[in-house]
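Colleague: build me a model:
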Amino acid sequence: MKPRVEQILEDLEQATVLEHLQIAVEALRDHYRVDHVVYHWVSSSGEQYGCGTYSPEWAQRYQEQEYLRTDPVILGCFQRFHPVDWKILDWTSRAARTFQTDALKYGVGNQGFSVPIRGPNGQFALFTVNHNCDDATWERFTEMHRRSIILVAHFCNQKALEFEPGRKPEPAQPLSPREV
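Modeller: Below is the predicted model:
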């Protein structure tokens, strides 16, 4: 029998519409036994796309409050290439504390692990696993699942790009003889 993550990736590989990405995200949440899994994409122009298990009320609140501008996870991950445990992010500003208080009210967990992804044409995406638990439990979880989360994050991004032809890279221009 195949490991559950491998089966989810195989199912996602067969996906033909964006809704299948949502199904995979929900399956991953159940597999990891966490509160939330989210794939969030932001274009260089600020356009957003996402699928995940946060409540629709939180998604609406996030957009209404323009938290994209103050969310420590977005800001911190935009500056990094490596996966980020939320504990290392800067939560000291007033805006960050306000965001965190609001997020907790809407069921966002106190722990998180996000994988920043850079893609074609300035694409920036995040794949996040989020849960409410103590630090020791979260540390054990991230140690156990870090590799598979990174793999899943990039696989989800690749699949999302396949569904959105406008987000694929421009054809590469060949080098001129002088550049060669």
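Colleague: which phi and psi does His40 have?
Modeller: phi -130, psi 130 (degrees, to the nearest 10).
Colleague: hmm, it is touching Tyr54, no?
Modeller: No - at 9.6 Å, His40 does not count as touching Tyr54 under the criterion of C-beta atoms under 8 Å. Just so you know, the C-beta spots here come from the backbone N, C-alpha and C atoms, and that holds for glycine as well.
Colleague: any buried residues in the lowest-mean-pLDDT helix or strand in the chain, and which?
Modeller: The least trusted helix or strand in the chain, going by mean pLDDT, DSSP states H and E, turns out to be strand 48-52, with a mean of 82. Neighbour counts over strand 48-52 (16 or more other C-beta atoms under 10 Å) mark 49-52 as buried.
Colleague: let me have those residues in CSV, extended by distance to Glu66.
Modeller: Listed next are the buried residues of strand 48-52 as CSV, based on distance: C-beta to C-beta, whole Å:
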residue, distance to Glu66
Tyr49, 17
Gly50, 15
Cys51, 21
Gly52, 19
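Colleague: next one: the least confident helix or strand of the chain to chain centre, how far?
Modeller: 9 Å (C-alpha atoms, centre = their mean, to the nearest Å).
Colleague: same deal with stretch 99-108?
Modeller: The answer for stretch 99-108 is 17 Å, by C-alpha atoms, centre = their mean.
Colleague: restricting to C-alpha, output that stretch in PDB.
Modeller: What follows is stretch 99-108, C-alpha atoms only, in PDB (Å, rounded to 0.1, in the frame of the first residue of the first chain):
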ATOM      1  CA  PHE A  99      -3.200  40.700  12.700                       C
ATOM      2  CA  GLN A 100      -2.300  37.700  15.000                       C
ATOM      3  CA  THR A 101      -5.100  38.500  17.400                       C
ATOM      4  CA  ASP A 102      -7.600  38.700  14.600                       C
ATOM      5  CA  ALA A 103      -6.400  35.500  12.900                       C
ATOM      6  CA  LEU A 104      -6.700  33.600  16.200                       C
ATOM      7  CA  LYS A 105     -10.300  34.700  16.600                       C
ATOM      8  CA  TYR A 106     -11.000  33.300  13.100                       C
ATOM      9  CA  GLY A 107      -9.500  29.900  13.900                       C
ATOM     10  CA  VAL A 108      -6.000  30.300  12.500                       C
END
